[in-house]
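>>> Just to be clear, the model below is a prediction. Sequence and coordinates:
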Amino acid sequence: MCGAFNDIVARQLLTIDFTHFYIDGNSIKSQGTRDALNRSDSVLTYVKATHWFDIFWYYVSIQVRKNVDSLSEIPFVSVSFFQEEGETLNQLFRAEWDNYPEKSHPQPHWHITTIKENGFDTFKESTAVDEDNPFAELEQEERKVTLPKVHFAMAGDWHNGERENMVSDYKDEQQLANWLVNLFDHVRDELTYAY
């Protein structure tokens, strides 16, 4: 599947200069020119990011795994977007489409990874601790949301009243290639608008 998928994606994504793919066992990865720290769940690894436009970079990883039926193969896709800040590439967010048999998270989904780790600590230092402080309990218990772990739905059917329907099942390589093309188009439009 890796070879066939690589061919179809390379043809579809020529518009974003998406030609730096390499196959590594059961993985397809983009191969860029600059090191970037990539947050994937709680794991931090260095990857080779590819320059995209202006100050924005990306990294793509597609893991091809056997389906539970052991007859078919399914992709697990992760696309990270970075912003250049001086000599550093800082990860902004990540788009993923996992194909686990259990439907515990929306598919595809976003992960927001641009938060500063010391944000809550800095906030604590600037806040007096007393009984009238509404944040005193949070400070004492040191509870906080680990935002990069949250799966923000990308394709929910909420507008049709389907609150629980947030999973798009994988069908074929063309469907996933279409998703990647539209993902990159959408993100480019939004980054251009925001930048």
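Looks like it came in fine.
>>> What does the pLDDT read for Phe5?
On the pLDDT scale, Phe5 is placed at 62.
>>> do the one 3 residues further on as well
According to the prediction, Ile8 has pLDDT 64.
>>> Quick one: list the elements packing against the lengthiest strand in the chain.
Using DSSP state E, we find that the single longest strand of the chain is strand 73-85. Under the contact definition 3 or more CB pairs under 8 Å, 6 or more residues apart in numbering; DSSP states H and E, strand 73-85 sits against strand 34-40, strand 43-53, strand 56-66, strand 88-97, helix 173-194. No exception for glycine: its C-beta is placed from N, CA and C like everyone else's.
>>> Now render those as JSON lines, adding mean neighbour count, distance to Thr146 and mean pLDDT.
Conversion of the helices and strands packed on strand 73-85 to JSON lines gives the following (neighbours: other CB atoms under 10 Å; distance: least, CB to CB, whole Å; pLDDT from 0 to 100):
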{"stretch": "strand 34-40", "mean neighbour count": "17", "distance to Thr146": "11", "mean pLDDT": "92"}
{"stretch": "strand 43-53", "mean neighbour count": "16", "distance to Thr146": "13", "mean pLDDT": "91"}
{"stretch": "strand 56-66", "mean neighbour count": "20", "distance to Thr146": "21", "mean pLDDT": "89"}
{"stretch": "strand 88-97", "mean neighbour count": "20", "distance to Thr146": "14", "mean pLDDT": "95"}
{"stretch": "helix 173-194", "mean neighbour count": "15", "distance to Thr146": "23", "mean pLDDT": "90"}
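>>> Which among the ones you listed is found nearest to His111?
Taking CB to CB as the measure, the helices and strands packed on strand 73-85 were each checked against His111, and strand 88-97 came out nearest at 4.3 Å.
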